[in-house]
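J.: Predicted model, plus sequence, below.
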Amino acid sequence: MMDKRKGAAPRPAPVPEASAPGKAALGGQENRLSRGRLIVALDALLSKRNVTLAARDLGLQTSALSRLLAQMREEFGDPLFIRSGRGLVPTPFAEALRPRVQALARGIDALFEPSMERPAPDETFDPRWNVPTGIDAPPLQVRPAGLLEGQPSPAQIDAKLDKIGPDASAQDRLARHIGVLGVAGGGHGRPLTAEEAEEAMTIILEGEADPVQVGALLGMMRMRGSTAPELAGLVRAMRAHVAAGLGRTIQADIDWPCFTSPNYHNPPWFFHAARLVAQAGHRVLLHGGTGCSAASGRYEFIAPTVGIPVCANAREIAAALAAQRIAYAPLAALSPQIYRLIGLHRLTQTRSAVFEAVHLLKPAKAKTSLLGAAKPTYRELHRDAARILGWKHMAVLGSVRDVAQFTPFRPSSIHRLVNGEAEDLILPACMEEPPPTPRPRGTSLEYWQGVWTGAVRDARAERIIVGTAAFALFALPGATGPAFADALRLAEQLWKARLGQGAMAVQSPP
């Protein structure tokens, strides 16, 4: 049985102005206690940017703080926080509230802190002696806090950024987006909108960005954590860049990104699973790479050894999908610019937002996309971005690496879109894990090929291949809940018939 939970409604987009109108304020004396709880909870969330950590500081259950956050969103009429790959990012409206919220929270704490100025319990108050001075002293004279000589204020910086219009140079427009991330909104910055992120990535992909700007933009997004709108904007720009050379006419059934680290040394069993799906009559486009190091051509090397064409342009991809129903397109061929952006990892040793956006590249029109995400936060982030992009079907599989490869020996989470609606599934473990098979002599490539041909018997590898093929068949539009068992049975049939002439005749269930 599967645990199935419908996803929540799409999250509201961030309010662009800090003065977003809120719902009618909580009214009446009876709601003052509720107001105080909301202020303290909001202060903790602004400080920790994580519901679990904030709840721990407040001594609350995470679910209780989540309910308070939902109440705050309703009362203020603003999302307040946007989920990103690195936690919660405050909206501009929430950032504008920060100083007042912090002051109120400190005021509440100060009421219960001992003070030297507080009269002792036994001290009597004598109004004859406790009177204010009659001397008119002017306010304390100070220089503007936190500003160096000649340094502009956050408001002045905001005004300067607003003067950079759409007719400005590419570098100035990109500088504006970097400034928005870093200094706008009272010095705290804000996430980019989808349109701003799209323009920023377009400038980079067209080769018009200064190298310092590329590092600054990606570095700031990395530190803040990318939001779904930002990711969607990056993907739009990247897809338009690829479409300029590839076109938009290629048709596939399954889009299967496979961007893995060069340090990922496990055999890519998902390639064999994709072959099974192609044998069922579905067109599968694999695309990706293994970084930009000496191992970057690993998939380009192994794909032809098992009969998967490596394609560099639209004509080759279309021909391979028509003749063999499967193709592999290296990222270096699809977009050298994106490939080189990935390669910046060698200089920074950090994963930029490009690493997440590239999984949503989808170079062909496909019925569904299969993604793998190791980190739980990225699973929902990818799905949220796909929904902003208008995708109807996709499935994000919780996996140990960033590729959709199913492990049937443990429960697996699936975050997917079905007709544009979010749906979460938990697939239980399908079987016990077989014992490891002793490795015979030979290379890893020979072993990987031998499992397909039957020269090597590895029950564990075979179960991973069959389970991954079942996951792909299950993710196709039209599959619902209990259909996973049917997909698993079909994958078993495909595996047994893989070497026969009639393999291509096996069809998926209606």
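T.: Thanks, I have it. Note that the coordinates shown come from a computational prediction; the quantities given were computed from them, not determined experimentally.
J.: Can you give the domain ranges for this structure?
T.: Taking automatic domain parsing as the criterion, the chain consists of the domains 8-23+30-111, 163-225, 242-499.
J.: any idea how far the second one is from the chain center?
T.: Its chain's C-alpha centre lies 19 Å from the corresponding centre of domain 163-225 when counted by CA atoms, centre = their mean, to the nearest Å.
J.: Assess the claim that Ala237 and Glu198 are in contact.
T.: Yes: judged on CB atoms under 8 Å, Ala237 makes contact with Glu198 at a distance of 4.7 Å. The C-beta positions use only the backbone N, C-alpha and C, and glycine is treated the same way.
J.: how would you label the nearest residue to Leu494 once chain neighbours are set aside: helix, strand or coil?
T.: Spatial nearest neighbour of Leu494, chain neighbours left out: Leu276 (4.3 Å); criterion: CB to CB, 6 or more residues apart in numbering. On the three-state scheme (DSSP: H, G, I helix; E, B strand; the rest coil), Leu276 is labelled helix.
J.: Name all residues that make contact with Leu276.
T.: Counting by CB atoms under 8 Å, 6 or more residues apart in numbering, Leu276 touches Ile465, Val466, Ala469, Ala491, Leu494, Trp495, Arg498.
J.: Tell me, how many residues neighbour the fifth one?
T.: A total of 25 residues lie near Leu494 under the criterion other CB atoms under 10 Å.
J.: For the stretch 201-350 of the chain, which segments count as helices?
T.: Secondary structure of the stretch 201-350 of the chain (DSSP state H, counting those that start in this stretch): helices at 211-224, 228-246, 269-279, 298-305, 314-323, 331-334, 336-343, 345-348.
J.: Export these to TSV and append columns for distance to Val51 and mean pLDDT.
T.: Converted to TSV, the helices of the stretch 201-350 of the chain look like this (distance: least, CB to CB, whole Å; pLDDT from 0 to 100):
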stretch	distance to Val51	mean pLDDT
helix 211-224	17	90
helix 228-246	17	95
helix 269-279	34	96
helix 298-305	38	93
helix 314-323	43	96
helix 331-334	35	94
helix 336-343	32	93
helix 345-348	29	85
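J.: for those helices, which one ends up most surrounded?
T.: helix 269-279 (a mean of 26; mean count of other CB atoms under 10 Å).
J.: Alpha carbons of that one, as PDB, please.
T.: The C-alpha trace of helix 269-279 is given here as PDB (Å, rounded to 0.1, in the frame of the first residue of the first chain):
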ATOM      1  CA  TRP A 269      21.900   1.100 -13.700                       C
ATOM      2  CA  PHE A 270      19.300   3.700 -14.800                       C
ATOM      3  CA  PHE A 271      20.700   3.500 -18.300                       C
ATOM      4  CA  HIS A 272      19.600  -0.100 -18.500                       C
ATOM      5  CA  ALA A 273      16.200   0.800 -17.000                       C
ATOM      6  CA  ALA A 274      15.800   3.500 -19.700                       C
ATOM      7  CA  ARG A 275      16.500   0.800 -22.300                       C
ATOM      8  CA  LEU A 276      13.700  -1.300 -20.900                       C
ATOM      9  CA  VAL A 277      11.300   1.600 -21.100                       C
ATOM     10  CA  ALA A 278      12.300   2.200 -24.700                       C
ATOM     11  CA  GLN A 279      11.600  -1.500 -25.400                       C
END
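J.: With Leu397 as the reference, measure out to Tyr378.
T.: For Tyr378, the distance to Leu397 equals 12 Å [CB to CB, to the nearest Å].
J.: what is in contact with these two at once?
T.: With CB under 8 Å, 6+ apart, Tyr378 and Leu397 have no common neighbours.
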